[in-house]
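Need a 3D model of the sequence below.
(chains A and B)
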Amino acid sequence: MRKKSFLLAVALFLGLSLLLGGCSQKQASDKTTGQKDDYVVYTVADSNGDWGFPSPWGHYQRGPGYLRMSFIFDTLIWKDEQGFVPALASEWQYDQENKSYIFTLRDDVFWHDGQKLTVDDVIFTWEYMQEHTYPWVDLSYIENIEAKENNQIEIKLKTEYAPFLANVAGTLPIIPKHIWQNVTEPEKFTEPEAAIGSGPFKYVDYNKEHGTYLYQANENYYNGQVRVDQLKFIKLNPQMTVAALQKGEVQAAAIQPEMAEQLNTTLQVLTETGSSNVKLMFNHRQDPLNNKEFRQALAYALDREELVAKAVRGFGLAGHPWLYTPDSFWYNPNVEQYEYDPQKTAEILTKLGYQRDPSTESAYWFKDNKQLQLGLLCDANLIRAAEIIKEQLAKVGIAIEIKSVETQSRDARILAWDFDLALNSHGGLGGDPELLNRFFLDEAFNSARFQANRELVSLIQQQATIMEEEARKELVDEIQTILAEEVAALTLYYPQAFWAHNGQVPLFYTKGGIAGGIPLPLNKLSFIES
Amino acid sequence: MRKKKIITYLAALGFILILNFLLPRLLPGDPFMAIYGEEAALSLSEAAKEELRAKMNLDKSLIAQFKVYLLTLAKGDLGYSYALNQPVRTVISKVLPWTLLLVGSALILSTLIGLILGIESGWRRGTRADRWILLTVVGLSALPNFLIGILLLLFFAVQLGWFPLGGAVTPYSGFTGTAYLLDVFKHLFLPLLALTLAQVPRSYLLTRASVLGNLSYPYVRTAAAKGLKPLQIRYKHVGRNSLLPISASLGVSVGSALAGSLFIEIVFSYPGMGSLIHQAIAQRDYPLLQGILLVIALTVILANLATDILASKIDPRIRKE
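Model prediction:
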């Protein structure tokens, strides 16, 4: 009797909650349809949600954080699908003689609070950022900045610096002087005024614990009509993305490669390849990996096509050893490609004094009675690739011991040179060739830190100071030739990234990435009707 | 006696403070790189990097960092999270209500359900009903809680569409009053169900075992001989005596429910301490990790304290000692 009534109570509770669930859902849809018909709300979802308060110092220091800020704050220039386009500056030119850039500021730009944007604001931004580091922009190349006549600004460089347009003028958000001039701790300034910018969207709300953002279209945007009325960013478990896209709760989101085909029929799918890579790093400070011929032998032994097919199920492009993909402007096709050739590996190893005893079961190479064995450091994300590499190298007689550790530990061990071989993945390949400094010279865990070849080091340092593009390309070609010979690090493959959206806003991947090279299809220009 | 207890609790607190400080720092990896990542850190000049490191106290020795930690804590300040650009106290206080809502209700519900099922099942030991309940609950305990979560989500939210796909409220819905409460409830339902289901086996198995033990005591026969109704014997006598192990394990349950919520929160994109821990570990956010661990440790200590008091209320023998 008692049990029956208990069961009844549970059933009632469940029934009631479902009923209520249904009710409130209806109410919610009533609410949205209650708004005027042409009111467009556009929702973008990602798995993190929270990327910090959308001011230059409030956002977290990752691509998605910068992007959320970029919808509110405009820069002097910006990038569309093809290349640089005017933004706050209507035109710009480089004065080779004085090593200075001259920007002409638009005269019709207003901050979201109605005040006019002037040359003073631009100069203030520069000065403010000298005092309060903004991690996205390196201002150390700038000598000084001053106002000229006719709304012009002159920025003088200390040395010639080719990536200036992409990494400084096209990245640095201009902030309003009348709001920031008395702010001493910009990181802690998260009042709504801190998000007053001059961009296509106005800040309405940011909620950290829910990971949501709400922006309103800026009707007075100088650069054109904004396509949507409201822009929302929400947090969503990636497993739920497809369902949310299909239900229309979300208009754009990153998706798993496997879903692309299924969604292609109802939604638009965007693909991006070549802005990130998975690479093999060598500890070239110790024997035997300090020998470039040995590194070459390894390069010949790796079948990168098979890696793509098995490690990322075909959703990727086999690596071109020197970072650039063939469709990049900076790609040099005339360098050694290290096509899969195990025969060559055997030849090189023999030449280096390794021996293989055909009479024994194990077909591993020996030298001085020691088996040729290397450790391969990786994290859980790359364990599949590591297994395939192990298999491929075992085939040519090199024993591999896989050491899989958590990502941060792997990075720490790479930095401390505590590895033989390591698998690492990173983005940022689309941007300016300054990335050669980052990924081959800089002291960072995703850099090869290859200082052995002095000529190479000086060439890489030199290329960033060459302003003339053709001359720079020649130098970058030469660098790639040397990198190819040295095998400082080996790009194994470029994984593909997929986004799906409903086509309401013509999203696109920006060539070379947004601003300094963010490989996401959320360029604010796609939200503007030109 | 009481003095000794207080000393034990203080010693535990001191131990926790040291662990709180050391554990995050024992994680390999550099918080600076974790926060600034490859995109930003690489465009920073060396001087700027040094400046930021100094700001985050990363340039100081471990002992000096510990001093800073204790001094700020003494002022009642949990520190400042540089990864999130907010005082740790603000960060935690914003997510705490959601955790209390989810984990608190799950604890209460799972304990109640486990208790009732345990008593009923123990009382009917060996019968078909007992076997079925036991089988179901043990089966349930074999499923990881995130799997329960994903299955619930796939069926009720994706297939049937009865519940939202994630989050704790509909973002920017403009709901107020009852509509808002309903919205919160609708978002809470599935994660709560998942966490409750995952927690039920614990209290059920404890209660059932304890009921089985109690049933062999003579007082049960005496009660039956007095002519008490089975229901009274079950809940008033056996049930009450079986409460003890459950209440004693409350402190541990709080810990396990919090740990469980980590996965549930991620599956349901639900805000709370769990997803905060996840974020803090990934970013090597020492101050935030310290703050969260401290709050959790304090909660568990308090839960233990409450258990001690509760136990003496339930069991007069403890009071006498």
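
what number of residues lie near A:R410?
Counted with other Cβ atoms under 10 Å in any protein chain shown, the neighbours of A:R410 add up to 25. Placement of C-beta: from N, CA and C, glycine included.

Spatially nearest residue to B:Y204 (excluding sequence neighbours)?
Leaving out its chain neighbours, the residue that sits closest to B:Y204 by Cβ to Cβ, 6 or more residues apart in numbering or on different chains is B:G114, at 3.9 Å.

Now for B:L115: which residues touch it?
Residues counted as contacts of B:L115 (Cβ atoms under 8 Å, 6 or more residues apart in numbering or on different chains) are B:203-204, B:207, B:239, B:242-243, B:246.

Are we agreed that it is in a helix?
Yes - the assignment for B:L115 by DSSP: H, G, I helix; E, B strand; the rest coil puts it in a helix.

what helix or strand does the residue nearest to the spatial centre of chain B sit in?
In chain B, the residue lying closest to the centroid (Cα atoms, centre = their mean) is B:L258, at 2.0 Å. Using DSSP states H and E, the element containing B:L258 is helix B:250-267.

Packing partners of that helix?
Counting contacts by 3 or more Cβ pairs under 8 Å, 6 or more residues apart in numbering or on different chains; DSSP states H and E, helix B:250-267 is packed against helix B:105-123, helix B:145-152, helix B:177-215, helix B:273-282, helix B:286-314.

contacts for the fourth one?
Think helix B:273-282. Taking Cβ under 8 Å, 6+ apart as the rule, helix B:273-282 contacts A:50, A:408, B:27, B:34, B:81, B:83, B:91-92, B:95-96, B:99, B:103, B:258-259, B:261-266, B:285, B:288-289, B:292, B:295-296.

one more time with 7 Å
B:34, B:91, B:95, B:99, B:258, B:261-262, B:265-266, B:288-289, B:292 (Cβ atoms under 7 Å, 6 or more residues apart in numbering or on different chains).

Would you mark the buried spots in that helix?
B:273-277, B:279-281 (16 or more other Cβ atoms under 10 Å in any protein chain shown).

Report the distance from it to the chain centre.
Averaged C-alpha coordinates place helix B:273-282 at 14 Å from its chain's average position (Cα atoms, centre = their mean, to the nearest Å).

measure B:I133 to B:S121 for me?
Distance of B:I133 to B:S121, given as Cβ to Cβ, to the nearest Å: 4 Å.

which of the two has more neighbours?
Comparing B:I133 with B:S121 by other Cβ under 10 Å, the one with more neighbours is B:S121, at 23 against 19.

show me what contacts that one?
B:S121 sits next to B:130, B:133-134, B:208 when contact means Cβ under 7 Å, 6+ apart.

what do you get if the cut-off is 10 Å, keeping everything else the same?
B:127, B:129-134, B:137, B:204-205, B:207-208, B:211-212 (Cβ atoms under 10 Å, 6 or more residues apart in numbering or on different chains).

Redo the helices and strands packed on helix B:250-267 as a markdown table? Include distance to A:K292 and mean pLDDT.
Below are the helices and strands packed on helix B:250-267 laid out as a markdown table (distance: least, Cβ to Cβ, whole Å; pLDDT from 0 to 100):
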| stretch | distance to A:K292 | mean pLDDT |
| --- | --- | --- |
| helix B:105-123 | 59 | 89 |
| helix B:145-152 | 47 | 89 |
| helix B:177-215 | 55 | 89 |
| helix B:273-282 | 36 | 83 |
| helix B:286-314 | 41 | 82 |
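
Kindly indicate the member of the contacts of B:S121 with the most neighbours.
B:Y204 (30 neighbours).

Wait, it touches B:I116, no?
Yes - applying Cβ atoms under 10 Å as the test, B:Y204 and B:I116 come out as touching, 9.0 Å apart.

Contact partners for the residue of the stretch 251-400 of chain A found nearest chain B?
Residue nearest to chain B within the stretch 251-400 of chain A: A:S276 (10.1 Å; Cβ to the nearest Cβ). Shown in contact with A:S276 (Cβ under 10 Å, 6+ apart): A:316, A:425-430, A:494-497, A:519.
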